[in-house]
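**Q** coords below, sequence missing:
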C-alpha cells in the first residue's frame, strides 16, 4: 500500500479513542471489557483502509471485530471508514505491529484471524515476513481459542501457494479452498478495497479457511 | 475421454503380455519379480493414452512404473505408446479398475501414486468417484509405503479445490502446490495429452504433491 504523509493523522486518531484503542496492552486477556459483552472476537491483521472489517462489523453485530494496522497514515482511513459507517460498538482498531501481538492478546482472546491481501513479500529471503509464515501461525495459535480459524484472501498466486503449504506443514486443517472466489461469490463475502480493484480486472481471487488442531 | 470401439484391441493387448501384465493379481506383494529389481514402484491411476507414464519411464530408468487403466480401447493406446518408445523394462500396464486396487497391491508395494487429469465428476452426488475422495485415499494408503506420496495434476479448478481439502481432512501433508504449473515449468515436468491440449489454450494447470503421515 502506498503511504502518504498525513500530518493530521495522529491528532485525528487521538481524538477518537473509543474506536482506535489508545492502550491495547491493558486489555490482554480481558477484551470483553472493551466491548461490554462475551461475543467472540475476530481480528484482521493488516486492516488497511478498513472496508472489510467495517463491512463485517456491520453485517455481524453479534461478533466483535478488531482491525490491526501499523501505520498512522493507513489506520486513519480505516478510522474514517468506521466513523462514516455510523455507530458500530462491535468495531475497534488498534495501531500495533502484528509481530508484537503477544503483548496484546493471550490464549483464548480471539476466535478467528482474517488475513486479506497481505503483502506477498515475493523474495525468498523475505519469506519470514509473510503473514502466513509459520512464525506468524505460531503467534496466532498462541492467542486463538482451540480449533481457532484463519481466513485468508489474496490475489497473489505465489503467496497463496506458499500459504497452503505453510499451513499444512504447521499441522493446520484446510476446511475450505476457493481458487476463483468471484465465480461463485458467497453471498456474505465482504470485499476489501484491493479485492474490488483486482477482481474488476478479471484476476482470480484465492481464498481459504484453515483451522488449528488441538495437539 | 471419448471411447472408441476398437474390436482389435483385445487381441493386440493379449499379444503383448510383457507390457500389459495379464495376471496382475499374482504379483500382489511381489512386484519386484515383474521388474527383476528392487527399485521403487510408482503407479499412475487412470493412465489414459500413456504419454505421461511412458515419458516418466524413459526419464527415470531407476524407477519402476505401472500404468493402470480400465478400458481396452484406451489402454491399447498406452500400449502403442510404450511399444513406440522402444524397450522400457521399467514400464508395465495393467488393465484393472482402480477401485479394486486392493486385489493387486498390498502395504509397501508402491511408493508414489500419480493422478493426472482425472475425471472431475462435477456433480456432488458423484463426489465418491473422484480419485482424490477419501475412499480412494484410503485405498492408496493401504498399498503405499509409510510417508508415501500422491502427485496430482488437473486443469479442473473445482476438482483441485476438492482435492486440497479432501487430502488435508484425511490428515495428509501438502508438500508442494502450484496453481499455474506452466508459468514456472519444472524442467522434469512430463506433460500428459490433456495437459498439452489445455495448457496450449492458456488454462492454468494445477499441481500438488501430498504425503501420507505415519499415524
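**A** Yes, it's here. Owing to the predicted nature of the structure, the values given are computational and were not obtained by experimental measurement.
**Q** quick check: closest non-adjacent residue to the spatially most central residue of chain A.
**A** Centre of chain A computed as the mean C-alpha position; nearest residue by C-alpha atoms, centre = their mean is residue A:44, 1.6 Å away. By the measure of C-beta to C-beta, 6 or more residues apart in numbering or on different chains, the closest residue to residue A:44 outside its immediate chain neighbours is residue A:114, 4.2 Å from it. (Glycine included, C-beta is placed from N, CA and C.)
**Q** which SSE is the one you found in?
**A** With secondary structure defined by DSSP states H and E, residue A:114 is part of strand A:110-116.
**Q** ok, the helix or strand bottoming out on mean pLDDT in chain A near chain B or not?
**A** Across the helices and strands of chain A, the lowest-confidence element by mean pLDDT, DSSP states H and E is helix A:193-200, at a mean of 86. No - using C-beta under 8 Å from any C-beta of the partner chain as the criterion, no contacts between helix A:193-200 and chain B are found, and the smallest distance is 15.1 Å.
**Q** which other residues reach the following helix or strand past that helix?
**A** For helix A:193-200, the following helix or strand on the C-terminal side (DSSP H and E) is strand A:206-211. Under the contact criterion C-beta atoms under 8 Å, 6 or more residues apart in numbering or on different chains, strand A:206-211 has outside partners A:147-157, A:160, A:163-164, A:167, A:172-181, B:179.
**Q** in the top strand by length along chain A, what's buried?
**A** Taking residue count as the measure and DSSP state E as the definition, the longest strand of chain A comes out as strand A:144-154. By 16 or more other C-beta atoms under 10 Å in any protein chain shown, the buried positions in strand A:144-154 come out as A:144, A:148, A:149, A:150, A:151, A:152, A:153, A:154.
**Q** make a markdown table from those residues and add pLDDT and distance to chain B to it.
**A** Rendered in a markdown table, the data for the buried residues of strand A:144-154 read as follows (pLDDT from 0 to 100; distance: C-beta to the nearest C-beta, whole Å):
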| residue | pLDDT | distance to chain B |
| --- | --- | --- |
| A:144 | 98 | 18 |
| A:148 | 98 | 16 |
| A:149 | 98 | 14 |
| A:150 | 98 | 13 |
| A:151 | 98 | 14 |
| A:152 | 98 | 13 |
| A:153 | 97 | 14 |
| A:154 | 96 | 11 |
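**Q** show me where chain A has its strands.
**A** Using DSSP E, the strands found in chain A span residues A:41-45, A:64-68, A:91-94, A:110-116, A:144-154, A:173-178, A:206-211.
**Q** run the chain-centre distance for the third one.
**A** Taking C-alpha atoms, centre = their mean, to the nearest Å, the mean C-alpha location of strand A:91-94 is offset from the chain mean by 11 Å.
**Q** which elements pack onto it?
**A** Packing partners of strand A:91-94 (3 or more C-beta pairs under 8 Å, 6 or more residues apart in numbering or on different chains; DSSP states H and E): helix A:51-59, strand A:64-68, helix A:72-84.
**Q** what does that strand contact?
**A** Contacting residues not belonging to strand A:91-94 are listed as A:19-21, A:24, A:34-35, A:47, A:50, A:53-54, A:57, A:64-69, A:75, A:78-79, A:82, A:85, A:104 [C-beta under 8 Å, 6+ apart].
**Q** pretty sure residue A:28 is touching residue A:107, no?
**A** No - at 10.5 Å, residue A:28 and residue A:107 do not qualify as touching, with contact defined as C-beta atoms under 8 Å.
**Q** which residues does residue A:214 contact?
**A** A:146, A:147.
**Q** state the distance from it to chain B.
**A** Distance of residue A:214 to chain B, computed by C-beta to the nearest C-beta, to the nearest Å: 14 Å.
**Q** over to that residue: give its phi and psi.
**A** Main-chain dihedrals, residue A:214, degrees, to the nearest 10: phi -60, psi 130.
**Q** what does chain A put close to chain B?
**A** With C-beta under 8 Å from any C-beta as the criterion, chain A comes near chain B at residues A:157, A:160-161, A:164-165, A:168-169, A:173-180, A:206.
**Q** so the least confident helix or strand of chain A versus strand A:110-116, what angle?
**A** Direction vectors for helix A:193-200 and strand A:110-116, defined by axes from the mean of the first three to the mean of the last three C-alpha atoms, to 10 degrees, enclose an angle of 50 degrees.
**Q** how about residues contacting helix A:193-200?
**A** The set of residues that contact helix A:193-200 without belonging to it, under C-beta under 8 Å, 6+ apart, is A:48, A:49, A:51, A:116, A:117, A:153, A:155, A:181, A:182, A:191, A:205.
**Q** OK, contacts around the third one?
**A** Contact criterion C-beta under 8 Å, 6+ apart gives A:81, A:190, A:191, A:192, A:193 as the residues in contact with residue A:51.
**Q** and the gap between it and residue B:109?
**A** Using C-beta to C-beta, to the nearest Å, residue A:51 is found at 54 Å from residue B:109.
**Q** leaving out sequence neighbours, find the closest residue to residue A:137.
**A** If you skip the residues right next to it in sequence, residue A:137 has residue A:170 as its closest partner in space, 4.8 Å away by C-beta to C-beta, 6+ apart.
**Q** hmm, residue A:134 and the one you found touching each other?
**A** Yes - taking C-beta under 8 Å as the contact criterion, residue A:170 and residue A:134 are neighbours in contact, 5.3 Å apart.
**Q** thought residue A:176 was touching residue B:165?
**A** Yes - in this structure residue A:176 lies within contact range of residue B:165 using C-beta under 8 Å: 6.6 Å.
**Q** comparing these two, which residue is more hemmed in?
**A** For residue A:176 against residue B:165, the residue with the higher neighbour count under other C-beta atoms under 10 Å in any protein chain shown is residue B:165, and the figures read 18 against 15.
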